[in-house]
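Peer 1: what follows is a protein structure lacking sequence information:
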């Protein structure tokens, strides 16, 4: 009867009533039915998100999913552990009980989970081939993640913010959002390793600042450093926590009318320098602050003895933006003096590869360095060809991470503290909105099939989400921050 | 001279005012309503409702946005505006009658006229009028006895602040009337003091749990685009006016028909002098051109531009495009410098206009960019109109997955869902899109586009 009424809807008024009714019905009713007269097919279910054959850590939030084909109205899922235990979900999408799910993962650590899926479409049930998910024997070792959520736009933004997310459930909490600091851009939240007590982030706009938190004390520096003649931009912490390497960039952007391209971001100049948190001084060196080369995206090695950075010969901008290609270099760093060595090594030379390297991220065990490779430039988010590559720091071999790459941009990445897991951002789903993916890496450097950041109702969440995930990293513990006081300090221009 | 003492005569005055209000919005300022409608995205889902209810003033904001989505149809929009103003006027009258020994009907129009003037500023959102209706209804419903009135007020203040925002302070102002009773003055003063402290502490406490600056929590989240503190004083003055109106009648020594009719004339003059101040033509130039452009009213655009030379680049380009469209000008008259987005996009309306003009001229990427900028210029929300344009451009550029995302969101709107249902047929079917008279042509020109803009 209800369906009949709904189908008769057409005019706006009726449409409004229809939506209103559906709205309340959705709240009041929990439509579900159980499989009967199941027609089995010899095919894997096409589910969203695609969690088939992924590897996950114990303690991860439930991998809720639905059928990719939205004509399926009900899904019935039985999950059995290879060692023991089983759980069941039935509804519009598979919504697993969090505690039962955690228990099942714990019981099957190092084993697999087998998912038996039946789905109902037009009143008929179809049974699909089982698929499995591996439960890694390696722990994630992290509480959650931090990231920025930013609207997909060109120059303007309305709401954006820095958030943290508990990976064992679906809880997301804001760290600082720009409703607290109206019209300000918040960016580049970077913790030291995965330590939530030490981090840096920037505020851009009328009340611009660089916030540096060490041992729970937040220091707000002026956004524009008079000595540098510019801003502190892309940061990376020294493992000791005393130093933080930054790039300083004069960034511009241009807009394409060309097919399949939107935005081009480039630097008319950039340098790398080191900030000493203890003395509140900037350590500069002509080796990483050259006039003819653009040094960028610094990163310290796991032991703090090396400073990695990328560098490209400066060109005439914007005409030659496609000729800007970054090589990967490193220079020694002396923690005691806070100074870098005399010579830089080139690890990946663009003359050999013809490509551009950005966002070097050494693993915390010192074995690998993950980076993004593009045809040119460094602003990888706007490069569909951007892929993750892995450099073996022991052998010097490098390879594209085909296990995790897609035809669209893989743009930014970070390691877990135990270097067994990594996260990265990708536009693989729709080419525009960046999402967060996770993967693990084994002792041979092989990565597992990545999985999308779990959500309670993933289809609804990601479809409604008008934001991209940006500069994500792991967090070993939740960040406890008095955001009200911090926001007040930012808005009142209280600078240290 | 007829007295205005009968309910029929009072209603007659209200109906005359209502006709004026309806005509004002329908014939003089329909573009102001359309502007408000396009500056929001109202979704019929529980997440949207909960998102609003998680913030102080959320219920008023939700109700305001619910009404604004209906402005898409200007006849319904004008009716809603009329009903809002009439409701405020009638509630003021009920308060007058409740409190005054000598209620003059003409006084009940004052708050509505002030509000009419105020919302001439499109940056003041419809949350404010809706919140005013809610708080005035509460004031009317408060018990007539002192202690029950205080108890109800003290319960209503924290709850009301959360649901409708700072306008709830009118309840405190309303209770000031008890101070005139000499024998219970001290008790009343303590009750009012307690309410004030409760309100201040409440707002202070809320500032620790919601991500908004304290100033905005006092001014009202969602009351205006910029959270300007001037609005706080305006709300207070309006509140004082509403509360003080019953006592103004008592200033007149006797009930006189001359006062009643003189009052009506004075109110009409007051409205005629005040309201136009809120609707200055310069402020609405781009908004009006945008409406004409959106509807493709080319002849009207030409007529208007001949009456008065457009003052902004976006309006000028619109006028030139209209001339070209009507065969009264050549394409070469459209100065290439005008096509520069940095020249056109100087304001929120101009970003919408730029998106429209680029789309009409076959510059799909530029139209998309302008639509994004227009959408991100919206205060704490998105724009249904811009989202529709983004869906269109994504379809044309072959980004079906992104288009599907936008279409799914528009599916949950009232007025754009019909378009969303139609647009679904193009997903995964480029041949259908190519057969579309507009999208097909734009897809063709996009495919051969090789020029790059720097």
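Peer 2: It's in. What you see is a predicted model, and the numbers here were worked out from it, not measured in a lab.

Peer 1: residues in contact with residue A:124?
Peer 2: Shown in contact with residue A:124 (Cβ atoms under 8 Å, 6 or more residues apart in numbering or on different chains): A:37, A:39. (C-beta placed from N, C-alpha, C; glycine too.)

Peer 1: phi, psi for it please.
Peer 2: Per-residue torsions, residue A:124: phi -110, psi 140 (degrees, to the nearest 10).

Peer 1: any idea what it is bridged to?
Peer 2: Beta-bridge pairing for residue A:124 (DSSP bridges): residue A:121.

Peer 1: any idea how far it is from residue A:38?
Peer 2: For residue A:124, the distance to residue A:38 equals 9 Å [Cβ to Cβ, to the nearest Å].

Peer 1: do residue B:160 as well
Peer 2: With distances taken as Cβ to Cβ, residue B:160 is found 54 Å from residue A:38.

Peer 1: between those two, tell me which one has more neighbours.
Peer 2: residue B:160 (27 against 15; other Cβ atoms under 10 Å in any protein chain shown).

Peer 1: ranges for the helices of chain A?
Peer 2: Along chain A, the segments classed as helices by DSSP state H run A:2-8, A:12-28, A:98-107, A:350-353, A:458-464, A:483-491.

Peer 1: least reliable of the ones you listed going by mean pLDDT?
Peer 2: Among the helices of chain A, helix A:2-8 carries the lowest mean pLDDT, a mean of 38.

Peer 1: and residue A:415, what does it touch?
Peer 2: Per Cβ under 8 Å, 6+ apart, neighbours of residue A:415: A:361, A:363-364, A:370, A:421-422, A:474.

Peer 1: one more time with 7 Å, if that's ok
Peer 2: With contact set as Cβ atoms under 7 Å, 6 or more residues apart in numbering or on different chains, residue A:415 has these partners: A:361, A:363-364, A:422.

Peer 1: next one: residue B:172
Peer 2: By Cβ under 7 Å, 6+ apart, residue B:172 lies in contact with B:192, B:195-196, B:199.

Peer 1: make a ChimeraX selection of whichever of the residues you listed turn out to be buried.
Peer 2: To isolate the buried members of the contacts of residue B:172 in ChimeraX, using 16 or more other Cβ atoms under 10 Å in any protein chain shown:
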select /B:192,195,199
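
Peer 1: among the contacts of residue B:172, which lie within helices?
Peer 2: Per DSSP H, helices hold the following members of the contacts of residue B:172: B:192, B:195-196, B:199.

Peer 1: so which helix or strand of chain A has the lowest pLDDT on average?
Peer 2: One helix or strand of chain A scores below all others by mean pLDDT, DSSP states H and E: helix A:2-8, with a mean of 38.

Peer 1: could you chop chain B up by domain?
Peer 2: As assigned by automatic domain parsing, chain B contains the domains B:7-279, B:283-448.

Peer 1: out of those, nearest to residue A:431?
Peer 2: Across the domains of chain B, residue A:431 has its closest neighbour in domain B:283-448 (5.8 Å, Cβ to Cβ).

Peer 1: right, is that closest one up against chain A?
Peer 2: Yes: Domain B:283-448 lies within reach of chain A by Cβ under 7 Å from any Cβ of the partner chain, at B:363, B:365-366, B:369, B:372-373, B:376-380, B:382, B:399, B:401-402, B:405, B:408-409, B:414-415, B:417, B:446-447.

Peer 1: next step: the residues you listed restricted to helices.
Peer 2: Judged by DSSP H, the subset of the residues of domain B:283-448 next to chain A located in helices is B:365-366, B:369, B:372-373, B:376, B:401-402, B:405, B:408-409, B:417, B:446-447.

Peer 1: of those residues, grab the buried ones for PyMOL.
Peer 2: Selection of buried members from those for PyMOL, criterion 16+ other Cβ under 10 Å:
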select buried, chain B and resi 365+366+369+372+373+376+401+402+405+408+409+417+446
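
Peer 1: now the ones in helices among the residues of domain B:283-448 next to chain A as CSV including distance to residue B:236?
Peer 2: Output for those, formatted as CSV (distance: Cβ to Cβ, whole Å):
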residue, distance to residue B:236
B:365, 48
B:366, 46
B:369, 42
B:372, 38
B:373, 36
B:376, 33
B:401, 50
B:402, 46
B:405, 44
B:408, 43
B:409, 38
B:417, 41
B:446, 54
B:447, 59
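
Peer 1: for the ones in helices among the residues of domain B:283-448 next to chain A, which two are the farthest from each other?
Peer 2: Spatially, the most separated pair among these is B:417 and B:447, at 29.7 Å (Cβ to Cβ).

Peer 1: nearest spatial neighbour of residue A:441, skipping sequence neighbours?
Peer 2: Once flanking residues are discounted, residue A:441 sits nearest to residue A:447: 5.0 Å by Cβ to Cβ, 6 or more residues apart in numbering or on different chains.

Peer 1: my read: the one you found touches residue A:400, true?
Peer 2: No: assessed by Cβ atoms under 7 Å, residue A:447 is found out of contact with residue A:400, at 11.0 Å.

Peer 1: which one of those two is surrounded by more residues?
Peer 2: Neighbours per residue, other Cβ under 10 Å: of residue A:447 and residue A:400, the larger number sits with residue A:447, 21 against 13.

Peer 1: which ones are touching that one?
Peer 2: Contacts of residue A:447 (Cβ under 7 Å, 6+ apart): A:401, A:403-404, A:439, A:441.

Peer 1: for residue B:232, state which of these is nearest.
Peer 2: Set against residue B:232, the nearest of these by Cβ to Cβ is residue A:439 (51.4 Å).

Peer 1: can you list the domains in chain A?
Peer 2: Per automatic domain parsing, the domain ranges recorded for chain A read A:1-26, A:39-135, A:144-491.

Peer 1: turn the ones you listed into TSV, including distance to residue B:106.
Peer 2: Formatted as TSV, those follow (distance: least, Cβ to Cβ, whole Å):
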stretch	distance to residue B:106
domain A:1-26	37
domain A:39-135	57
domain A:144-491	41
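
Peer 1: closest to residue A:252 out of the domains of chain B?
Peer 2: Nearest to residue A:252, of all the domains of chain B, is domain B:283-448, at 13.0 Å by Cβ to Cβ.

Peer 1: just how off-centre is that closest one within its chain?
Peer 2: Computed by Cα atoms, centre = their mean, to the nearest Å, the chain-centroid distance of domain B:283-448 equals 23 Å.
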